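Asks: okay, predicted coordinates and the sequence, questions at the end:
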Amino acid sequence: MSDQPNICWCCGQEHGVLPFSLLADSPDAYVALSDDERKTRAVLSSEQCIIEQEQFFVRGCIEIPIRGTDGVFLWGVWAKVEDQVFDAISEHWDMEGRETKVGPYEGLLANSLSLYPRTLDLKVKIQIMPVGVRPLFRIEDVDHSLAIEQKYGITPEHAQEYSCHLLRIASS
């Protein structure tokens with residue numbers, strides 16, 4: 001083992017261990033509200049969000065395989081869904097075996113991901129997972145670069161570059 005610092009080849013800075021995930025705390029529509037509007041017009045939990053009983057969101061994950069490894073680059077994001085879909089997901093939230101009994105559902109990606117061309121409102125397929133695991137989102141627009149990466153994966157170097165970029169954004 002070397003005592004040398006782990007210098008990032010991408011930016012020349014020392015990061016330590018790079019995270020291979022980004023987790024959006026809320027949908028972009030929630031972020032766009034003022035503090036007062038959030039208090040009076042919206043409800044946000046760790047897994048669901050409702051704005052004015054008109055917009056309904058669920059939290060899930062987009063997994064990008066990292067080629068040559070068992071790992072994934074994970075985007076923890078939100079999807080906007082119809083109220084009936086929101087109700088169905090909520091109704092089965094704690095049901096064992098739900099992943100084989102409900103879904104998949106349709107939704108729209110509710111976060112802008114700065115590393116890609118426009119991602120807000122991309123159509124997603126929502127695959128329900130076992131209790132305790134967030135749903136998986138599959139990008140439906142097969143020509144979008146995010147969908148291509150989701151299907152074919154990215155290199156470990158690409159994952160490191162993404163992590164470096166996201167750390168720089170977070171620290172600015």
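Replies: Nice, thanks for sending it over. This structure is a prediction, so every number in the text was calculated from the model and none was measured.

Asks: when you work out contacts or count neighbours from here on, use the C-alpha atoms and nothing else.
Replies: Noted.

Asks: what packs against the helix or strand where Ala88 lies?
Replies: Using DSSP states H and E, Ala88 sits in helix 83-91. Helices and strands touching helix 83-91, by 3 or more C-alpha pairs under 8 Å, 6 or more residues apart in numbering; DSSP states H and E, are strand 55-65.

Asks: pull up the gap between Asn111 and Arg59, please.
Replies: Distance of Asn111 to Arg59, given as C-alpha to C-alpha, to the nearest Å: 11 Å.

Asks: all helices of the chain, in order?
Replies: 28-31, 35-41, 83-91, 98-101, 145-152, 156-171 (DSSP state H).

Asks: could I get the ones you listed as TSV with mean pLDDT?
Replies: Formatted as TSV, the helices of the chain follow (pLDDT from 0 to 100):
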stretch	mean pLDDT
helix 28-31	98
helix 35-41	96
helix 83-91	96
helix 98-101	92
helix 145-152	96
helix 156-171	71
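
Asks: measure Lys125 to Arg38 for me?
Replies: 28 Å.

Asks: more crowded one of these two?
Replies: Neighbour count, other C-alpha atoms under 10 Å: between Lys125 and Arg38, Lys125 has more, with 19 against 16.

Asks: list the contacts for the more buried one?
Replies: Pro104, Tyr105, Glu106, Gly107, Phe137, Arg138, Ile139, Glu140 (C-alpha atoms under 8 Å, 6 or more residues apart in numbering).

Asks: coming back round to it: got CSV for the helices of the chain, with distance to Arg67 too?
Replies: Converted to CSV, the helices of the chain look like this (distance: least, C-alpha to C-alpha, whole Å):
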stretch, distance to Arg67
helix 28-31, 30
helix 35-41, 40
helix 83-91, 32
helix 98-101, 27
helix 145-152, 8
helix 156-171, 7
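
Asks: between the ones you listed, which one is closest to Gln55.
Replies: When the helices of the chain are compared by C-alpha to C-alpha, helix 83-91 sits nearest Gln55, at 7.6 Å.

Asks: who touches that closest one?
Replies: With C-alpha under 8 Å, 6+ apart, helix 83-91 has contacts from Glu54, Gln55, Phe56, Phe57, Val58, Val102, Tyr105.
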